[in-house]
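Enquirer: Provide a 3D model corresponding to the input given below.
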Amino acid sequence: MLKTAREHQQISRREAADRLNWMPGYVAIVEQDNYMALRRPSFARGYVKAFGRLVELDEVQLMSAFDALMRADDTVSTDTVKAPRSPLQLQKTGVGVVVGLGLLFLIIVALWWLRGYIS
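Expert: Okay, the predicted model is just below:
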């Protein structure tokens with residue numbers, strides 16, 4: 001749908017990518033429904049929606065087709081054996097940074113204090 005609409009409006013892939021502020025290859029990737037090739041496949045719905053707006057497609061119809069495609073892909077992927085996914089590891093650097101900075105501050109204060117006794 002997207003490729004046909006883009007070609008009907010005589011917009012090149014490069015021009016579409018420029019208008020959408022996408023990486024040059026993203027237009028071809030989205031047109032081919034190859035969302036795993038995107039840096040962030042989880043954002044595929046947003047990419048399709050933005051592309052649909054650019055080529056003036058009916059958003060409801062486009063997103064219905066996208067959802068149907070995703071359901072079909074889920075059905076196929078659940079039928080095949082998948083390796084178990086490891087749980088999502090969230091970064092918890094905030095506490096470590098605060099503790100590290102606090103220790104650094106204490107060391108500096110201790111050295112400054114000891115310097116007064118040594119002199």
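Enquirer: what about stretch 26-44, distance to the chain center?
Expert: Mean-position distance between stretch 26-44 and its chain equals 10 Å (C-alpha atoms, centre = their mean, to the nearest Å).
Enquirer: kindly check the end-to-end length of it for me.
Expert: End-to-end distance for stretch 26-44: 10 Å, by C-alpha to C-alpha, to the nearest Å.
Enquirer: buried ones in that stretch?
Expert: Within stretch 26-44, the residues scored as buried using 16 or more other C-beta atoms under 10 Å are Tyr26, Val27, Ile29, Val30, Glu31, Tyr35, Leu38, Ala44. In short, each C-beta sits where N, CA and C put it, glycine included.
Enquirer: repeat that for stretch 49-57.
Expert: Phe51, Gly52, Leu54, Val55, Leu57.
Enquirer: for the first one, which residues are in contact?
Expert: Phe51 is in contact with Leu2, Arg6, Ala16, Leu20, Val27, Val30, counting by C-beta atoms under 8 Å, 6 or more residues apart in numbering.
Enquirer: again, only this time at 10 Å
Expert: By C-beta atoms under 10 Å, 6 or more residues apart in numbering, the contact set of Phe51 is 1-3, 5-6, 16-17, 19-20, 22, 26-27, 30-31, 57, 62.
Enquirer: quick one on the thing from earlier: can you list the buried residues of stretch 26-44 in CSV and add pLDDT?
Expert: Listed next are the buried residues of stretch 26-44 as CSV, based on pLDDT from 0 to 100:
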residue, pLDDT
Tyr26, 90
Val27, 92
Ile29, 91
Val30, 91
Glu31, 92
Tyr35, 83
Leu38, 79
Ala44, 87
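Enquirer: just the C-alphas of stretch 57-64, formatted as CSV.
Expert: Extracted in CSV, the C-alpha atoms of stretch 57-64 (Å, rounded to 0.1, in the frame of the first residue of the first chain):
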residue,chain,number,x,y,z
LEU,A,57,-3.4,7.1,3.0
ASP,A,58,-6.4,6.4,5.3
GLU,A,59,-4.8,5.9,8.7
VAL,A,60,-7.5,3.5,10.0
GLN,A,61,-7.3,1.3,6.9
LEU,A,62,-3.5,1.4,6.9
MET,A,63,-3.2,0.6,10.6
SER,A,64,-5.7,-2.3,10.3
